[in-house]
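Trainee: Build me a model:
(one chain, ligands or ions: 1)
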Amino acid sequence: MRRLLLWMAGNRWLRERVPRLWFARRAVRRFMPGEDAEAAIAAAQSFQVHGISTLLTRLGENVTRLDEADAVAEHYLGLIGDVAERKLDGEVSVKLTQLGLDLEVDRTLAHASRLAARAAESGKTLWLDMEGSAYVEQTVAFYERLKADHPNAGLCVQAYLKRTAADLQRLLPLGPEIRLVKGAYAEPASIAYQARRDVDANFLALAVAMLEAHRAGKRIRIGLGTHDVRLIEQVAEHAAALGLPKSAFEVQMLYGIRMDQQRRLAAEGYLVRDLIAYGEAWYPWYMRRLAERPANVLFALRQIIS
Ligand SMILES: Cc1cc2nc3c(=O)[nH]c(=O)nc-3n(C[C@H](O)[C@H](O)[C@H](O)COP(=O)(O)OP(=O)(O)OC[C@H]3O[C@@H](n4cnc5c(N)ncnc54)[C@H](O)[C@@H]3O)c2cc1C
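Mentor: Residues are numbered from 1 along each chain as shown. This is a model prediction of the structure:
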């Protein structure tokens with residue numbers, strides 16, 4: 001089921017047609033508050049009341065024209081400004097292929113640099129998502145270039161990839177801001193752990209390595225992008241054993257998923273950030289959410305028939 005859903009996520013024919021179906025638009029509302037930035041900002045305001053900060057992302061990837069990438073960059077510049085103006089504790093996360101990585105790397109770097117500079121004005125981080133394995137080396141190298149001029153740049157890394165431990169060691173001297181996730185794409189066994197227990201074990205090992213670096217006085221911001229509460233507890237135990245406070249790491253979850261846990265963790269004093277996605281190009285992203293928990297397919301079907 002997971003493989004099928006991930007195949008569907010990458011299928012161009014479906015990508016063009018499914019979003020036009022009214023019932024699909026209705027089902028996706030579970031994972032996003034709306035298609036425009038205003039809906040996302042309104043949701044961010046309501047989270048802030050519960051002590052939960054936010055990450056905002058406009059859905060879209062693999063743009064095929066430079067003017068599309070330019071428009072995305074302009075959109076994010078405006079969004080970062082709006083978030084600062086409303087005094088929201090919100091940060092922005094972008095996909096490099098949405099900023100034109102497939103087309104022109106230097107222009108993508110110029111876009112990301114402007115966004116990072118704008119985010120720095122309000123003391124915020126600009127996050128880079130991690131995409132499929134074809135982009136990983138390029139994204140890590142891009143992050144190194146961006147980070148050289150913009151200390152407030154953050155990067156997502158994926159625990160299912162066997163290379164990530166080495167990537168982390170490579171990035172540690174930069175004083176990185178890292179969002180660790182399990183990984184959302186279909187990757188082959190040659191480069192990625194396939195069994196859930198292996199991915200979880202690597203996630204824990206990577207999180208502990210980051211905590212130890214932090215404990216040793218290295219500059220690092222640690223984000224755990226997961227809904228796996230058991231894993232979060234294990235990381236929290238390691239942090240406590242190292243004598244680190246709850247604020248040593250931040251838990252990041254997606255809008256609409258495990259909201260009860262997000263509120264509970266925030267109430268218990270953990271730093272919690274909710275990723276709010278919005279935009280019209282939600283199809284591949286939504287299919288990856290279904291793939292993460294095939295029970296969501298039943299939920300989507302129920303939405304259709306109710
Ligand atoms: C803030 C954030 C940013 C992310 N950024 C990236 C990125 O840049 N690149 C990337 O490859 N991946 C990214 N991901 C996705 C990530 O890689 C995983 O695919 C996703 O988080 C599901 O894995 P999990 O860690 O929650 O653990 P799982 O083991 O998949 O799930 C743990 C438990 O959480 C619940 N759960 C998980 N997913 C869902 C869901 N979709 N619907 C309902 N319940 C669910 C279930 O109860 C499940 O038992 C991001 C995730 C988060 C939270």
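
Trainee: what does the average pLDDT come to for stretch 46-53?
Mentor: Average pLDDT, stretch 46-53: 95.

Trainee: Would you mind listing what in the stretch 51-200 of the chain touches the ligand?
Mentor: Taking Cβ under 6 Å from any ligand atom as the contact definition, the stretch 51-200 of the chain meets the ligand at 129-130, 156, 158, 179, 181-185. Any C-beta I mention is one placed from the backbone N, CA and C, and that applies to glycine too.

Trainee: Kindly reformat these as CSV and extend each row with pLDDT and neighbour count.
Mentor: CSV is the format used below for these (pLDDT from 0 to 100; neighbours: other Cβ atoms under 10 Å):
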residue, pLDDT, neighbour count
Asp129, 98, 22
Met130, 98, 25
Cys156, 98, 22
Gln158, 98, 27
Arg179, 98, 26
Val181, 98, 18
Lys182, 98, 20
Gly183, 97, 23
Ala184, 93, 22
Tyr185, 93, 20
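
Trainee: Looking at these, spot the one nearest Ala112.
Mentor: In terms of Cβ to Cβ, no member of those lies closer to Ala112 than Asp129, at 11.7 Å.

Trainee: In contact with the closest residue to that closest one other than its chain neighbours, which residues?
Mentor: Distances taken as Cβ to Cβ, 6 or more residues apart in numbering put Lys95 closest to Asp129, at 4.7 Å, once the chain neighbours are dropped. Shown in contact with Lys95 (Cβ atoms under 8 Å, 6 or more residues apart in numbering): 57, 60-61, 128-129, 131.

Trainee: Just among those residues, which is most surrounded?
Mentor: In terms of neighbour count, Leu128 stands highest of the contacts of Lys95 at 26 neighbours, by other Cβ atoms under 10 Å.

Trainee: Surely that residue and Ala141 touch.
Mentor: No: assessed by Cβ atoms under 8 Å, Leu128 is found out of contact with Ala141, at 11.5 Å.

Trainee: Just list what the longest strand along the chain packs against, helices and strands only.
Mentor: As assigned by DSSP state E, the longest strand anywhere in the chain is strand 271-278. Judged by 3 or more Cβ pairs under 8 Å, 6 or more residues apart in numbering; DSSP states H and E, the packing partners of strand 271-278 are helix 37-49, strand 53-58, strand 250-254, helix 259-267.

Trainee: Does Thr226 touch Ile232 like I think?
Mentor: Yes: taking contacts as Cβ under 8 Å, Thr226 lies within contact range of Ile232: 6.7 Å.
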